[in-house]
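In: Sequence first, predicted coordinates after that:
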Amino acid sequence: MQEKPKNISVNIVVEFVHTVLCDVQAFNESFMDEEVDPILVPAAPSYVEALKTKQYDKENSKEESCSVCYQEFLMAEDVTLMPCSHIFHNNCIGRWLEMTNTCPMCRFTMPTFV
Amino acid sequence: MTSSSAPSRKALSKIACNRLQKELVEWQVNPPAGFKHKVTDNLQRWVIEVNGASGTLYANETYQLQVDFPEHYPMEAPQVIFIPPAPQHPHIYSNGHICLDILYDSWSPAMTVSSICISILSMLSSSTAKQRPADNDRYVKNCRNGRSPKETRWWFHDDKV
């Protein structure tokens, strides 16, 4: 009669450890299967709208082409000036800032939604 | 395995096409040292041969990178993997997936295939041990259904290798 309870307790321990291990595995798998959270945050639209634009002037510009589309800037073409002074085509930088709040060239950080 | 792991194969946008044509011309004029791109008529998938730099653990070894471009490249990063067999490296999984921040969270549209290649070669060259990541088997098992590395939640913790 004394043997029985021992066996039961061993079974309980084994079952408990097994359950815990399964939970750990399930947790790991559910973690790996989760959708990726958007880690990148868009720049606040009010700040994007407030960015200065100017007409491209080859004489006074370091950049010859837009670092997003790699097309050469045309003389007097409208370009957007980031606070860090990097220039891009309006549409090129506009599309990027809708997704991510950093300058493509130097990672200067634009404000996001407060 | 490689074809099923390609991201949803939507055709390149016109902007993406123009940008890639520019990169292709630039590559032909000035290819990054140690890399060979066999130009095909498929602009959306580049297969690039990588030669390990001399004086490093991967000297005299050749590997192949597969670069798949999304519809809205360069607003989104390309998917870059080694076609197995992948080099043995603490940040490269045996299924070819590469743990490198610029391919995921730290992507910038100012980066190019050429600059990615240079980063990958630099990552290989600074390696001090030919070994797989500690969680290789578990990670590869979780990718069995052809998951793209872009769907992985990466944790970048090592800036030495």
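Out: Great, that's in hand. It should be emphasised that the depicted structure is a prediction, and the values quoted were computed from it without experimental measurement.
In: can you give me the strands for the chain?
Out: Here I'm looking at chain A. A:52-55, A:78-81, A:87-89 (DSSP state E).
In: try again with chain B
Out: In chain B, strands defined by DSSP E lie at B:35-37, B:45-51, B:62-68, B:79-83, listed in chain order.
In: Give me whichever of these is most buried.
Out: Greatest average neighbour count among the strands of chain B goes to strand B:79-83 (a mean of 21), per mean count of other C-beta atoms under 10 Å in any protein chain shown. All C-beta spots, glycine's among them, are computed from the backbone N, C-alpha and C.
In: how far does that one sit from the chain's center?
Out: Centroid displacement of strand B:79-83 relative to its chain, using C-alpha atoms, centre = their mean, to the nearest Å, is 4 Å.
In: Please write out the alpha-carbon positions of the helix or strand of chain B with the lowest mean pLDDT in PDB.
Out: Scoring the helices and strands of chain B by mean pLDDT, DSSP states H and E places helix B:136-142 at the bottom, with a mean of 94. The C-alpha coordinates for helix B:136-142 follow below in PDB (Å, rounded to 0.1, in the frame of the first residue of the first chain):
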ATOM      1  CA  ASN B 136      20.300  27.800 -35.600                       C
ATOM      2  CA  ASP B 137      18.300  24.600 -35.400                       C
ATOM      3  CA  ARG B 138      15.300  26.100 -33.700                       C
ATOM      4  CA  TYR B 139      15.200  29.000 -36.100                       C
ATOM      5  CA  VAL B 140      15.600  26.900 -39.200                       C
ATOM      6  CA  LYS B 141      12.900  24.500 -38.000                       C
ATOM      7  CA  ASN B 142      10.500  27.500 -37.600                       C
END
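In: now for it, which elements pack on it?
Out: Counting contacts by 3 or more C-beta pairs under 8 Å, 6 or more residues apart in numbering or on different chains; DSSP states H and E, helix B:136-142 packs against helix A:3-33.
In: Out of the strands of chain A, which gets nearest to residue B:43?
Out: strand A:87-89 (21.6 Å; C-beta to C-beta).
In: Run a quick neighbour tally on the closest residue to residue B:54 other than its chain neighbours.
Out: Leaving aside its sequence neighbours, residue B:54 sits nearest to residue B:60 (C-beta to C-beta, 6 or more residues apart in numbering or on different chains; 7.8 Å). Using other C-beta atoms under 10 Å in any protein chain shown, the number of residues around residue B:60 comes to 7.
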